[in-house]
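Engineer: When you get a sec, could you give me coordinates for this:
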Amino acid sequence: MKYNILHTCIRVMDLEKSMKFYQEALGFEVESFRDFPDYKFTLVFLVDETKNHAIELTYNYEQDPPYVIGNGFSHIAVGVVDLECSRTFHQELGYEVTDFKGTAGAPPRYYFVKDPDGYLVEVIRKDI
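Structural biologist: Numbers count the residues shown, from 1 in each chain. Purely as a prediction, here's the structure:
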């Protein structure tokens, strides 16, 4: 059997802020928006240009307190050719970013940017 990854679901507190982050900071597009008012939740699927994998934002109308991310989930990862330009872009948008990082003994190859709910997105330099 073969499997393909379809989507990753994250629960968000402010749907508009989260949609703005994934669209503005990462260039993702809304693939579908489904509201279920009778059940008090909304699902938004955002995709990159390849459309091979989606981020599902789940917004529950009456969630209180904020979700606890926990220590089991680590991060989502995206690739970009110009890592330095990308980090500057995220800083200019006002998002929290880390310093450049690299694996032990290797040159810096990635950094993290934080979404409005505190989820980390690892931005990795893509090989051309």
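
Engineer: Whichever helix or strand A77 is part of packs against which elements?
Structural biologist: Using DSSP states H and E, A77 falls within strand 76-80. Under the contact definition 3 or more C-beta pairs under 8 Å, 6 or more residues apart in numbering; DSSP states H and E, strand 76-80 sits against strand 120-125. C-beta here means a position set from N, CA and C on the backbone, and glycine is covered the same way.

Engineer: Check the burial of the closest residue to V44 other than its chain neighbours by counting its neighbours.
Structural biologist: For V44, ignoring the flanking residues on the chain, the nearest one in space by C-beta to C-beta, 6 or more residues apart in numbering is L57 at 4.5 Å. Neighbourhood size, L57 [other C-beta atoms under 10 Å]: 23.

Engineer: Residues contacting the lengthiest helix in the chain, please?
Structural biologist: Longest helix in the chain, counting residues (DSSP state H): helix 83-92. Helix 83-92 is contacted by residues A25, V80, V97, F100, P108, R109, Y110, Y111, V113, V123, I124, R125 when judged by C-beta atoms under 8 Å, 6 or more residues apart in numbering.

Engineer: could you flag which of those are buried?
Structural biologist: Neighbour-count burial (16 or more other C-beta atoms under 10 Å) applied to the contacts of helix 83-92 gives A25, V80, V97, Y110, Y111, V113, V123, R125.

Engineer: Out of these, the closest to E31 would be?
Structural biologist: Of all the buried ones among the contacts of helix 83-92, E31 sits closest to A25, with 17.3 Å by C-beta to C-beta.

Engineer: OK, contacts around that closest one?
Structural biologist: Going by C-beta under 8 Å, 6+ apart, A25 touches F89, H90, L93, Y95, V113, D115, V121.

Engineer: now do A77
Structural biologist: Contacts for A77 (C-beta under 8 Å, 6+ apart) come out as V121, E122, V123, I124.

Engineer: sorry, back to before: pull up the gap between the residue nearest to V44 and E122, please.
Structural biologist: Distance, L57 to E122, by C-beta to C-beta, to the nearest Å: 18 Å.
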